[in-house]
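Trainee: What shape does this take:
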Amino acid sequence: MSGRYFGTDGVRGRVGQSPMTVDFALRLASAAARVLAPQGGRVLIGKDTRVSGYLFESALEAGFVAAGVDVMLIGPLPTPGVAYMTQRLGCRFGVVISASHNPYHDNGIKFFGADGRKLSDEVEAQIERLIDGPVVTRESAELGRATRIDRSRTHYQDFCASTLPPGMDLRGYKIVIDCANGAGYKVAPRVLADLGAEIVPIGCSPNGRNINDGCGSTVPELLQLTVPGVRAQVGLALDGDGDRVLMVDALGRLVDGDQMLFILATARHAAGELRGPVVGTVMSNLGLEHALADRGIEFRRAQVGDRNVLALLNEVGGTLGGETSGHILCLDKTTTGDGLLSALQVLSIMKRSGSGLAELAAAMPKYPQVLLNVEVERRFDPMTDAAVLDIVREVERRFEGRGRIVLRASGTEPVIRVMVEGYDATLVKRGAREIATVVEAAARQRSG
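Mentor: Below is the predicted model of the structure:
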């Protein structure tokens, strides 16, 4: 869904510009309360470490309290932690203030239902219909209350640790953990340390403006240098809100979401614990599909976005899916993508098998793949442009059936993503550049 305000993952934008204003947050809270808790109840609000989180937290709190909803403020906590705690605390719904992997000058607001799952398109549409109306303020006797419950985050830490096999710990591992100066900076290092790992934290000193800045899963180079530099066995890189993770092996080589999905799927399959097909996206590497097929594991592709992966998993009865970016869904463990929990599942496979991360990842061959982002003033469907279609057909012809091309407008950023994948790295790079050039020209004509 992409409504007037809700995009593929809640509401998001630059702070101070529509829709990310204090006035909008107040009206959004009022509308959400009327849809999700018309008879009152409790809402949990969590956030990442952006300096603007304070103002949106206060605006949402005011809107919810005015509408007769009690507010529980848990402070910085990963998005999946808010989803889990929403269920545990018996809240009618949960709210996360975060723009995920975006820079600090952006922020966003997303919701979870009482079951810890993201809202359906239909429910988001109901909220949108009320946003432009007046803010509701109940009689004084019916107003909600606000309470800070920062220490409750330990329940989420305990939950993450409990997803390891009984009796397993991480003693003997030296792990570098990069929290992107974001929402996981407290809980992630503590979970790993409590499990007995020796940890080297980086990206764990947020100042309100350094979230995702030169660190985290979107910029893993520092982690790749640090892991071999301190002679660690493995590194983990979360994004700003902690719902995705990338890993780094002992030599500093990146292990992406496709490889992690392969490791998890094959281990579950071998143990007889895999249910239904594994779900990736149209951007998942062709090597993942082939490697799973070789092992008799069915693979399905959804459109990009974790809610699309989740929808297809529910449709086909699967429990394991994810994206190349490291957004992994382990529905046999939790309700939403969780970077820390996903990393713990991979670490448990390493521990149980005695294999290093590099060895586990090497079993999945990767096709050369290039992803280019073409900035545009306004999003459009590139496959409706005649010139773009012509260059796509030409590049496909060169691959002779042994490659893929995916063009799509991002749901969270003003860019067109150009992905080219094939058996020959030279053809892939050349084709990606040619297509991106034509897309740029098409974008200029449209903004013209």
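
Trainee: From start to finish, how long is stretch 9-16 in a straight line?
Mentor: In stretch 9-16, first residue to last residue: 19 Å (Cα to Cα, to the nearest Å).

Trainee: That should have said stretch 188-202, apologies.
Mentor: Stretch 188-202: ends 11 Å apart by Cα to Cα.

Trainee: check contacts around Lys110.
Mentor: Lys110 is in contact with 9-11, 79, 95-96, 98, 118, counting by Cβ atoms under 8 Å, 6 or more residues apart in numbering. (Glycine included, C-beta is placed from N, CA and C.)

Trainee: please redo it, this time with the cut-off set to 10 Å
Mentor: Counting by Cβ atoms under 10 Å, 6 or more residues apart in numbering, Lys110 touches 6-7, 9-12, 79, 82-83, 94-100, 118-119, 124, 241.

Trainee: Likewise for Gly94?
Mentor: By Cβ under 10 Å, 6+ apart, the contact list for Gly94 reads 36, 42-46, 72, 74, 79, 81-87, 110-114, 116.

Trainee: Quick check: strands, which of these are part of them?
Mentor: Among these, the members falling in strands (DSSP state E) are 42-46, 72, 74, 110-113.

Trainee: can you put those residues in a markdown table and add pLDDT and distance to Ala250?
Mentor: Below are the ones in strands among the contacts of Gly94 laid out as a markdown table (pLDDT from 0 to 100; distance: Cβ to Cβ, whole Å):
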| residue | pLDDT | distance to Ala250 |
| --- | --- | --- |
| Arg42 | 98 | 45 |
| Val43 | 98 | 44 |
| Leu44 | 98 | 39 |
| Ile45 | 98 | 39 |
| Gly46 | 98 | 34 |
| Met72 | 98 | 41 |
| Ile74 | 98 | 35 |
| Lys110 | 97 | 36 |
| Phe111 | 97 | 40 |
| Phe112 | 97 | 36 |
| Gly113 | 97 | 41 |
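
Trainee: How is the chain partitioned into domains?
Mentor: Here the domain parsing of the chain from automatic domain parsing is 11-151, 156-250, 255-362, 369-447.

Trainee: rank those domains by mean pLDDT and give me the bottom one.
Mentor: Lowest mean pLDDT of the domains of the chain: domain 369-447, a mean of 91.

Trainee: Now that His269 has come up, it's in contact with Asp294, right?
Mentor: No. Counting by Cβ atoms under 10 Å, His269 does not reach Asp294; the two are 11.6 Å apart.

Trainee: higher neighbour count, those two?
Mentor: Using other Cβ atoms under 10 Å as the criterion, His269 and Asp294 rank with His269 on top: 16 against 12.

Trainee: What sits closest to that one if chain neighbours are left out?
Mentor: Ile297 (5.5 Å; Cβ to Cβ, 6 or more residues apart in numbering).
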